[in-house]
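Coordinates for the following, if possible.
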Amino acid sequence: MMADMCVSIKAGSSDYLEKHPERRRSFSQNFYIVGVTFAAGIGGLLFGYDTGVISGALLYIKDDFEVVKNSSFLQELIVAMALVGAIFGAALGGYINDSLGRKAATIVADICFTVGSLLIAVAPNPTLIIVRCRFRFCYCSYE
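Residues are numbered from 1 along each chain as shown. The predicted model follows:
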């Protein structure tokens, strides 16, 4: 009885597109999906780039502040606050863009990023770097 049942199974395929070839789409037929995928990929790339930049800047921060050089906790906290700020910025970004509009939100983000960068550059102690680093990346991550 089992020999009479002939089941054809292809790994990873439900044979849906073979049964309905008119529903098969090529890569370039849906430009919206391609654009969203590209934007998400660029966002991930920039997030990784920001992580690398703050980690590279940590070398110079350690030169300026002896307490940071001697404390791995402070080093980790400086890098982590940049990432935590980016998480908050990504979470609030859609709401801010909806309420202000894309152009105004980008201008506000640019101003906050510039002011935050200048405040980090003149920070007299690592505590201010940690607080300002968090807010600088929070505002710039929704551009």
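
count of neighbours near Gly116?
21 (other Cβ atoms under 10 Å). The way it works is simple: take the backbone N, C-alpha and C, and place the C-beta from them, glycine included.

can you tell me which helix or strand it belongs to?
Per DSSP states H and E: Gly116 is located in helix 102-121.

swap in Lys62?
If you go by DSSP H and E, Lys62 is part of helix 31-64.

before we move on, the earlier item: distance from the chain centre to the helix holding Gly116, please.
Helix 102-121 sits 17 Å away from the centroid of its parent chain (Cα atoms, centre = their mean, to the nearest Å).

cool, stretch 94-104 as well?
18 Å.

re the thing from before, okay, the angle between the helix holding Lys62 and helix 102-121?
Here helix 31-64 runs at an angle of 20 degrees relative to helix 102-121 (axes from the mean of the first three to the mean of the last three Cα atoms, to 10 degrees).
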